[in-house]
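Chemist: fold the following for me, if possible:
(chains A and B)
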Amino acid sequence: MTPASRTASEEQSVHRRLMRFGEAESLATPMWEDRDTSVHAVAHHLSSLWDASREVSAESEPVVGEKGMPHARASVLNLIVTVIDGAAADRVVHTLMDLGVRHPSRAIILVPEPDSAEHPIDARISTHCHDVATGGDRVCYEEVVLTVRGDAAEHLSGVVAPLLIHDLPTSVWWPGDPPFANRVFDQLVEMGDHLVVDSSDFGDLLGGLRRLANVRRRSGVGDLAWERLRWWQELTAQFFDTPRFRRYLPNLSRLHIRYATAPPGSERHDDEADVAPGVAAPISQALLYAGWIGTRLGWRRHLTLEPLAGGRFHLRLEGKYEMVDLLIEPTETEDVRPGELLSVRLASVGEAGAAQFLVDRDQDDAIVATNADGMTALLRRVAMETPSEAELLSSQLTMDVVDPLYEDALRAAAILLASAREAAA
Amino acid sequence: MATRTPDADTDRDRRRRRSSAAAPTEATRPNPLREGLRLERMAEPCTMIICGATGDLTDRKLAPALYNTLLGGFLPPEFSVVGFARRDLTDAAFRDHLLESINKYSRNRPVKPGIWESFARGIEYHRGDLDDPAAYVELAKRLDRIDRDRGTAGNRLFYLAVPPNLYPEIVNQLERAGLATPGERRRAGSKRGWTRVIIEKPFGWDLASARTLNRELSEVFDEEQIYRIDHYLGKETVQNMAVFRFGNGLFEPIWNRRYIDSVQITVAETVGAEGRGEFYDQTGALRDIVQNHGLQLLAVFAMEPPVEFQAEDLRDEKLKVLRAVKPMTPAEVAENTIRGQYVSGWVEGERVQSYRDEEEVKPDSETETFVALKLGIDSWRWAGVPFYLRTGKTLPSRVTEIAVQFKRAPLTLFARAGVPQVEPNVLAIRVQPDEGILLRFGAKVPGQGLQIRTVNMDFRYGASFAVDSPDAYETLVLDAMVGDPSLFTRDDEVERAWEILDPILAAWNSGEGGPMHFYAAGSWGPPAADQLLERDGRAWRKP
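Modeler: Sure, this is the predicted structure:
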C-alpha cells in the first residue's frame, strides 16, 4: 500500500468515527486521488472544487440568494505540513480534522520521498465541512496530500507554491524533528509567514533551540511545547498579581521544576491517534519555563552545581538580590504525556521573609498554594486541562505574530541547556 | 577613605545599587511575569456582592458568567462572592443553588467538582431585607472580615439584581453603612479599595425619572463608579463595528452623506409579550428597545472616530451623535413615526394570539409592540441622510442588523444595452444571529449578453473564526471588575436618549402623534411602516 492510499483509508475511518459522534459532516465532495500526476492537474482540480455551478447543478441559475453561498468558503490561512512518512501523515490528517472547525484553510501535507525512483507526484484531495454551532453554516476546508519523490522532493517549495490560496497568510507546521540542516527546510520556511514546531520532538534539542532562534522568517516561530506552558505561566503570574506578594519576586532563591518522562520500556499505546508517539526531548518544556521566568526576572547564569545527567541538572543563577538555585528533574509517570510539567516550586528568602509558591499537577487539575506573609497556606484547586495537539496548533495559528516572550525564553533555554551540558563535558 | 573611581564600579555593583533604590516600590510596579501573557485582563482581587441574589438573573446569567470567567482563568484566587437576599439560606444552600444554576445554564457544564469546591469556599450568603439598615451594618462587618481573611483589599463590586425602583433605597443604605467608598478620583492617595455598582436597564421611565434616578445614584456614587449594563453592547458588536470602520482604510472615507443614501436599523424579535405582559404593557417597544439598544447601535454606527479606543472617548463620541439627533415636534412625530401593535397571526409555524389577549395585558392596551422611526442626525457627516429604525415583537425572524444603502452609480452606462437601473449597493452589518457583514453589488452574468445581477459577498465571524464568543455577561462583569466602563452607558447618554424619545411618547399619548396601527403577528409590521419609506422612494430590507 502506498503512503498516500494508506492515509486515505485511515482518513476515511477517522471520518466515519467522527461522524458517529456527530462531530463531522461527511466529505463534502468525493475524494479525488491521482497517481503520477502533475502540480498543474492538482491546481486545476482545486480551483474547480467550489464552483457554484457544481454545487447547484440541479438549478440552471447560479445561486446568489440573500443568505449567500451554500457553503461558507471563508479562508483565513494556508497551512503547509511536512511529514516524514505515511504514518506521520495519518497523525496530521487526524489533527487537521479537529482543526478544520477553527481554521478553515487549505492544508497541504507533503510526504517527501527523495530516495524513491517511482513517478514523481501522487496526490489526493479531500474536502471537509463542519457545521458551525451558531447559525447553521458549514465551514469547509480542503486538504491536499502530496507524495513527492525523487528530485522533486528536493524542491518542495516549487511544488507547493502554485497550490496556495493567494493573499492569505501561510503557516508551515513541521511536526517531529525538522531537518534543520536540509535546504528544503529553509525553502519552505521562507515561503511561510509563520513556522510551527514542537521542540519536545527535537532529536538534538540544543542544536534545534539555537537554530530556531536564528530562523529566517517573516513573522513568528511557534512552538507547541511553549503553548503547553500557557497555564503554568498564567498560574505562576497570578501569584504575583497580588501586590503584597510581588515584593518576593526579587528575592526568589529557588526554582524547582519537575517534568514527566515515560517509565523505561513503557511505550504509550493509545487508541487516540493524536497522542504523540515517543517524545524525543521531554526536558524542553521545563527549560522553556525556566527560560521564561529567568528572562522576566533578569537572572543570569553563574555556576553549574550538577551537570545534566539522566534528564536532571542543577544550576546556580544570579538573581536580583539573591542567588537562585534552579533544579530541573524528571519524574517517571504514565499519567501525562512525557515532557508535561508536574510541579513548579518557587521559594524566596531574605528581608521580605520566607515564602513558597507552588503549582502541583493533579490529573486534570492543579493545586495552587501560597505560603507567605506568615499567613496560613492559601490552597486552591484550578483547572489544568491538557490540550490536544489540534488545540495547541490552533492557538499557535491564531497567534501568527512574533512572540517576544517566546523568543527570549528560547534563547535563555538554550543557554541553560548549554550550561548544564558544558560542565558535563 | 578613598572614593571609588567609576572604573571600579562594576556592572554588578551598579545593578545592585539601582535595584536597592527601587526596592521599596516593588509592590507598586507592574507584575513582570504578567507582561506579554495572553490573559492581560485579570480582575483585581475583589468581592462581588449580589443584591437580590436569589432571583432569576443570578441563576441564568450571573452564576454561569462567574463560573465561565473562572474557567477562563480571569478570576484571581482571592475573588469572593456574597449573595445578599431575604430568603433564609445557609452558605451551603446558596452554594448548592448556584451550582445547580450553573449546571443548568452555563455554556461549560457540568461543573468540575474539584474546581467548584475550591471556588465555593469564597462564596457566602448574607441574609437580610434590602431595606433593613441592620442588614447592611452586618454586611459591612462581613465584607471587612472577607478582606482580612481572603485578601480582597477592600475592593467591592455591588451587582443590583433587583427591580430599578429599589436602586435608590439600596445605594442609600450602602452609604449609611459606610459601604459607599468614594470614587477613584476622590480617594486619591487613600488606601481603601474601590467600590463599583452595576445596575440593569431600564434606566428610568422618561427623562424626568431618569434624571431623578441618576441624581439619586450620584448623591452616593461618582459617575465613574456606576456601571449601567446594556447586554447588547456586551456582545462583540461595538468592538467589531469599531474595527470594521476604523481598522480598515476602505470604509471610513465613504461613511458619510456623499456616498450613503440611507441607513436602516432593524431589531426584530419573534417572541411576543408572553411571560412579561405586565412589565411590557407599561413599557412598550420604544422604551424597551429603542431607548437603549436602538439608539446605542445608531450611535456606534454613526460616531466620529474617538481620540483613543477607551471608555470616555467612546462615550463622548456616542453622546455627540445623540445630541445631533434633534427631538421632534408633535407634527414631526405624526410624520416620522409609526407605532403598531400585533394581532393574532402565525410566527415560525405557531399560532400567536393578539397582544391584547396576552396575560397581564390590558384588553384595551395602547402599548406599542412595534415602532418605526425616521431620524436625522444633524451633523456635517450625516445631514440629509435618513436613519430608519424599526423594532417589533412577533416579526418573522429574530434579527438585528444595520443596513447601509449607498447612492446609485451617477450614470447608467448600461441603459442602452437594455439593462435597467442597477440596484444600489448595500452593506449590511448583522449583529445577531450570525454576526457578520454582507455586501451587495452588481455583477455581469457570464455570457454574450449584458445582464447584471446583484450578488452577495457574505462574511460571517462564526464561519471565519469558529470560536466561542463569551456570553455578554461574562464580558461585562469582568469589565466592571477590571474597571473598564467602555461598554457601559454613561448618565448623559441615558438622559439624551430620553430627550429624543420623550416628545414622541408625549405626542403619541396626546393623540397628535398619529394613530396606533395593527399588524398580524408574523408580518414585518403594519403597512404604514412600509409607506414611511415608500414615500421617500425606498423600501425596508427583508433581513
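Chemist: ok, the residue lying closest to residue B:526 once chain neighbours are set aside - contacts?
Modeler: Excluding the flanking residues, the one nearest residue B:526 by CB to CB, 6 or more residues apart in numbering or on different chains is residue B:517, at 3.5 Å. Glycine gets a C-beta too; all of them are placed from N, C-alpha and C. Contact analysis of residue B:517 by CB atoms under 8 Å, 6 or more residues apart in numbering or on different chains lists B:338-341, B:370, B:526-529.
Chemist: cool, residue B:172 as well?
Modeler: For residue B:172, counting by CB under 8 Å, 6+ apart, the contacting residues are B:216, B:220.
Chemist: list the buried residues for the strand or helix carrying it?
Modeler: In the assignment (DSSP states H and E), residue B:172 maps to helix B:167-176. Residues B:167-168, B:170-174 are the ones in helix B:167-176 that count as buried (16 or more other CB atoms under 10 Å in any protein chain shown).
Chemist: what's the closest of those residues to chain A?
Modeler: Using CB to the nearest CB, residue B:174 comes nearest to chain A of these, at 26.0 Å.
Chemist: returning to what we had before: angles on the backbone of the residue nearest to residue B:526, please.
Modeler: Main-chain dihedrals, residue B:517, degrees, to the nearest 10: phi -110, psi 140.
Chemist: swap in residue A:328?
Modeler: phi -120, psi 130.
Chemist: shouldn't it be in contact with residue A:286?
Modeler: Yes: contact criterion CB atoms under 8 Å: residue A:328 and residue A:286 qualify, at 4.8 Å.
Chemist: identify the contacts common to those two.
Modeler: A:257, A:259.
Chemist: which one of these two has more residues nearby?
Modeler: residue A:286 (30 against 23; other CB atoms under 10 Å in any protein chain shown).
Chemist: I'd like the next helix or strand past the helix or strand the more buried one falls within.
Modeler: For residue A:286, the element it lies in under DSSP H and E is helix A:284-297. Using DSSP H and E, the helix or strand that directly follows helix A:284-297 along the chain is strand A:300-309.
Chemist: count the neighbours of residue B:343 for me.
Modeler: Neighbour number of residue B:343 under other CB under 10 Å is 17.
Chemist: and what of the one 5 residues further on?
Modeler: For residue B:348, the number of neighbouring residues by other CB under 10 Å comes to 12.
Chemist: from the buried residues of helix B:167-176, pick the one nearest residue B:238.
Modeler: residue B:167 (24.7 Å; CB to CB).
Chemist: so how far is residue A:404 from the closest one?
Modeler: Going from residue B:167 to residue A:404 by CB to CB, to the nearest Å gives 47 Å.
Chemist: could I get the full set of helices for chain A?
Modeler: Ranges of helices in chain A, per DSSP state H, are A:3-20, A:39-48, A:52-55, A:86-100, A:156-160, A:183-191, A:205-213, A:224-227, A:230-239, A:243-246, A:284-297, A:389-398, A:404-424.
Chemist: on contacts alone, who are the packing partners of the fifth one?
Modeler: The helices and strands touching helix A:156-160, judged by 3 or more CB pairs under 8 Å, 6 or more residues apart in numbering or on different chains; DSSP states H and E, are strand A:105-113, strand A:138-149, helix A:183-191.
Chemist: can you show me the CA trace of the second one as PDB?
Modeler: Put plainly, it is strand A:138-149. This file holds the C-alpha atoms of strand A:138-149, laid out as PDB (Å, rounded to 0.1, in the frame of the first residue of the first chain):
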ATOM      1  CA  ARG A 138     -21.000  24.900   7.200                       C
ATOM      2  CA  VAL A 139     -17.300  25.700   7.300                       C
ATOM      3  CA  CYS A 140     -15.300  23.900   4.700                       C
ATOM      4  CA  TYR A 141     -11.600  23.400   4.100                       C
ATOM      5  CA  GLU A 142      -9.700  21.300   1.700                       C
ATOM      6  CA  GLU A 143      -6.800  19.100   2.300                       C
ATOM      7  CA  VAL A 144      -4.200  18.000  -0.200                       C
ATOM      8  CA  VAL A 145      -1.800  15.200   0.500                       C
ATOM      9  CA  LEU A 146       1.100  15.100  -1.900                       C
ATOM     10  CA  THR A 147       3.700  12.300  -2.000                       C
ATOM     11  CA  VAL A 148       6.700  13.800  -3.800                       C
ATOM     12  CA  ARG A 149       9.500  11.600  -4.900                       C
END
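Chemist: rounded mean pLDDT for it, please.
Modeler: Taken as a whole, strand A:138-149 has an average pLDDT of 83.
Chemist: which strands and helices sit next to whichever strand or helix holds residue B:267?
Modeler: According to DSSP H and E, residue B:267 maps onto strand B:260-268. Judged by 3+ CB pairs under 8 Å, 6+ apart, strand B:260-268 is in contact with helix B:295-302, strand B:386-392, strand B:399-406.
Chemist: export those to CSV and tack on distance to chain A, mean pLDDT and mean neighbour count?
Modeler: Compiled in CSV, the helices and strands packed on strand B:260-268 are given as follows (distance: least, CB to the nearest CB, whole Å; pLDDT from 0 to 100; neighbours: other CB atoms under 10 Å in any protein chain shown):
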stretch, distance to chain A, mean pLDDT, mean neighbour count
helix B:295-302, 20, 94, 24
strand B:386-392, 18, 97, 23
strand B:399-406, 11, 94, 21
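Chemist: now those as CSV including distance to residue A:239?
Modeler: Listed next are the helices and strands packed on strand B:260-268 as CSV, based on distance: least, CB to CB, whole Å:
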stretch, distance to residue A:239
helix B:295-302, 39
strand B:386-392, 49
strand B:399-406, 43
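Chemist: quick one: which of the ones you listed is nearest residue A:417?
Modeler: helix B:295-302 (51.6 Å).
Chemist: using PDB, write down the CA coordinates of the closest one.
Modeler: Taking Å, rounded to 0.1, in the frame of the first residue of the first chain, the C-alpha atoms of helix B:295-302 are listed here in PDB:
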ATOM      1  CA  LEU B 295     -30.100  54.400  19.900                       C
ATOM      2  CA  GLN B 296     -26.800  52.800  21.000                       C
ATOM      3  CA  LEU B 297     -26.500  50.900  17.700                       C
ATOM      4  CA  LEU B 298     -27.200  54.100  15.900                       C
ATOM      5  CA  ALA B 299     -24.600  56.000  17.900                       C
ATOM      6  CA  VAL B 300     -21.800  53.400  17.500                       C
ATOM      7  CA  PHE B 301     -22.600  53.200  13.700                       C
ATOM      8  CA  ALA B 302     -22.600  57.000  13.200                       C
END
